[in-house]
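S.K.: quick one, structure for this:
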Amino acid sequence: MTPEPPMTSPGIVSFSYTDWLAAYPSFSETITAPQAESFFHLAELILNNTARSPIQSLTQRRTLLWLLVAHQAQLFANNKAYDANASSPTTPPVGRIASATRGSVSISFDGSALPKQAGWFNQTQYGLMFWQATAPLRQMRFLPGRTHPPRLWP
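M.R.: Numbers count the residues shown, from 1 in each chain. Here you go, the predicted model:
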């Protein structure tokens, strides 16, 4: 059983740069603690980090928030992570391989199975993992007996 993440107040996950970096060590060279903290605050705008969050498990919410931090870190790292011999970022591509050739080396990726709302998340493997993990939040739930206000999420 994993311990619950640290909290500043009941029902809120706080950010720990050292713990996040232990989970995502590939960012140790490119993302500083203030940057990661800023990404965490942006992630809280996407996923509610209060006691009223749709994700009640603090461990699951921490995982999802950290995925969003890693997603943003990867997006911003792409801006400066260029190999001297390459003309494109050195980050791995995301998506299903749609076609590949060998002669002149070409490869194309396809993300057409995802809705257009997933476009921003589809740019990194972390964002795509977040999108897939939060799929139940985008499902309609019918509770008979009384009317419920619509709860639309991204």
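S.K.: now do the most centrally placed residue in the chain against residue 53, distance only.
M.R.: Geometric centre of the chain, nearest residue: residue 68, 3.0 Å, by Cα atoms, centre = their mean. Plainly put, residue 68 is 13 Å away from residue 53 if you go by Cβ to Cβ, to the nearest Å. (Each C-beta comes from the backbone N, C-alpha and C, glycine too.)
S.K.: what do the two both touch?
M.R.: Shared contacts of residue 68 and residue 53, defined by Cβ atoms under 8 Å, 6 or more residues apart in numbering, are found at residue 47.
S.K.: re the thing from before, isn't the residue nearest to the centre of the chain up against residue 45?
M.R.: No - shown here, residue 68 and residue 45 do not form a contact pair, counting by Cβ atoms under 8 Å, at 9.4 Å.
S.K.: show me what counts as buried in whichever strand or helix holds residue 18.
M.R.: Assignment of secondary structure by DSSP states H and E places residue 18 within helix 17-23. For helix 17-23, the buried set under the neighbour-count rule, 16 or more other Cβ atoms under 10 Å, comprises 17, 20.
S.K.: contacts only, for residue 21.
M.R.: Taking Cβ under 8 Å, 6+ apart as the test, what residue 21 contacts is 27, 28, 36.
S.K.: okay, now the second one: neighbour count?
M.R.: Pointing back at residue 28 there. 10 (other Cβ atoms under 10 Å).
S.K.: ramachandran coordinates for it?
M.R.: phi -60, psi -30 (degrees, to the nearest 10).
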